[in-house]
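Engineer: Build me a model:
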Amino acid sequence: MYKIKEFANKTKVSEPTLRYYDEIGLLTPAYSDFYTGYRYYLDDQIKQAIAITKLKDIGLSLQQIKDYLETKDETILINKEKEYEEKMLKIKEILKMNENDYYEIIEESFNKFVKVNGTKAIKTALGIEIKDNNANYYIINKNDEFYDDFAIYKKDNLITLNINYFKNDELINEIKRYLKNLNYSYITTYIPIENKELIGIIKNNNDITISDETQNNYTYKKIVIKLWYNLIRGVLWKNMLALQPLIKIIKNISIF
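Structural biologist: Numbers count the residues shown, from 1 in each chain. Coordinates of the predicted model:
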């Protein structure tokens, strides 16, 4: 048998805690001396004390631990497991919020446009242009979920993107990268002339040409954003084609 001090050393449970466990009936000594009040524990109770510590470590209350040790009811542990699973999901959501947002641009059909915007959109000017293949329709996914949509008119490559998105570098860069891969050389947008802050942001982050344009007695800044990668690639390709005859002549020249 072990006195309380020896038992505390073996189980790594403090003496005050062992006395409290005795008071609430969680871990009662095998024997208590009536005259001295000394508590004595058996070898088998070492496992019980360690089990209590482990159950505390996973977040069970002392009452839940007592119930489990008395009944061996596994639902007590299963419920705790579910509780932790819910907490893990919340932690993952928080971590995901801390990550940088990522965007994906996808070209979609007229049917998708109707699904996203409703049947009333069919008769709008944009709906008619998409249906008649005069504009291409795209959706934006943010972190794998639908975020927004836009279209690009084939005339002047006018983009219907919400102009406030030009403040979002990550989104705009992804749109530009995607459109470059589709061989767009530029896109066009109109910004109200008084929105100097946004105009300045677009100027600083893009290679543009800008001009004033009046529509319905209101002046806008017409901004053409150049996607230089495709322009350069196109120029180089044209130059290569122009050089082909010269290259053939050089190949046919005999060196003596």
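
Engineer: Tell me how the protein divides into domains.
Structural biologist: Here the domain assignment for the chain is 2-98, 103-235, based on automatic domain parsing.

Engineer: what about the shortest one, distance to the chain center?
Structural biologist: Same thing as domain 2-98. 39 Å (Cα atoms, centre = their mean, to the nearest Å).

Engineer: And stretch 153-170, by the same measure?
Structural biologist: That offset, for stretch 153-170, works out to 23 Å (Cα atoms, centre = their mean).

Engineer: Helix, strand, or coil at the residue of the chain most remote from its centre?
Structural biologist: The centre of the chain is farthest from one residue, Tyr35, which by Cα atoms, centre = their mean lies 67.2 Å away. Following DSSP: H, G, I helix; E, B strand; the rest coil, we place Tyr35 in the coil state.

Engineer: can you give me the helices in the stretch 1-150 of the chain?
Structural biologist: Residue ranges of the helices in the stretch 1-150 of the chain, as given by DSSP state H, counting those that start in this stretch, are 4-11, 15-23, 44-57, 62-71, 75-98, 110-117, 125-131.

Engineer: Against which helices or strands is the third one packed?
Structural biologist: For helix 44-57, the helices and strands in contact under the criterion 3 or more Cβ pairs under 8 Å, 6 or more residues apart in numbering; DSSP states H and E are helix 4-11, helix 62-71. The C-beta positions use only the backbone N, C-alpha and C, and glycine is treated the same way.

Engineer: ok so, going back, which one of the helices of the stretch 1-150 of the chain has the lowest average pLDDT?
Structural biologist: For the helices of the stretch 1-150 of the chain, mean pLDDT drops lowest on helix 75-98, to a mean of 83.

Engineer: can you pull the buried residues of it?
Structural biologist: Ile76, Lys80 (16 or more other Cβ atoms under 10 Å).

Engineer: where does the stretch 101-250 of the chain dip in pLDDT?
Structural biologist: 228-250 (pLDDT under 70).

Engineer: Ile58 versus Glu81, what's the distance?
Structural biologist: As judged by Cβ to Cβ, to the nearest Å, Glu81 and Ile58 stand 9 Å apart.

Engineer: do Ile223 as well
Structural biologist: 59 Å.

Engineer: which of the two has more neighbours?
Structural biologist: Ile223 (21 against 12; other Cβ atoms under 10 Å).

Engineer: what are the pairing partners of the helix or strand where the more buried one lies, and which direction each?
Structural biologist: According to DSSP states H and E, Ile223 maps onto strand 218-226. Note on strand 218-226: by DSSP bridges, its sheet partners are strand 186-192 (antiparallel), strand 208-215 (antiparallel).

Engineer: I'd like the helices and strands packed on helix 44-57 written out as JSON lines, with mean neighbour count and distance to Leu26 added.
Structural biologist: Converted to JSON lines, those look like this (neighbours: other Cβ atoms under 10 Å; distance: least, Cβ to Cβ, whole Å):
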{"stretch": "helix 4-11", "mean neighbour count": "16", "distance to Leu26": "13"}
{"stretch": "helix 62-71", "mean neighbour count": "15", "distance to Leu26": "5"}
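
Engineer: Among these, which comes closest to Tyr186?
Structural biologist: For the helices and strands packed on helix 44-57, the distance to Tyr186 is smallest for helix 62-71, at 66.3 Å, taking Cβ to Cβ.

Engineer: who touches that closest one?
Structural biologist: Identification of contacts with helix 62-71 by Cβ atoms under 8 Å, 6 or more residues apart in numbering yields 24-26, 48, 51-52, 55-56, 60, 73, 76-77, 80.

Engineer: Among those residues, name the buried ones.
Structural biologist: For the contacts of helix 62-71, buried by 16+ other Cβ under 10 Å: Leu26, Gln48, Ile52, Leu55, Leu60, Ile76, Lys80.
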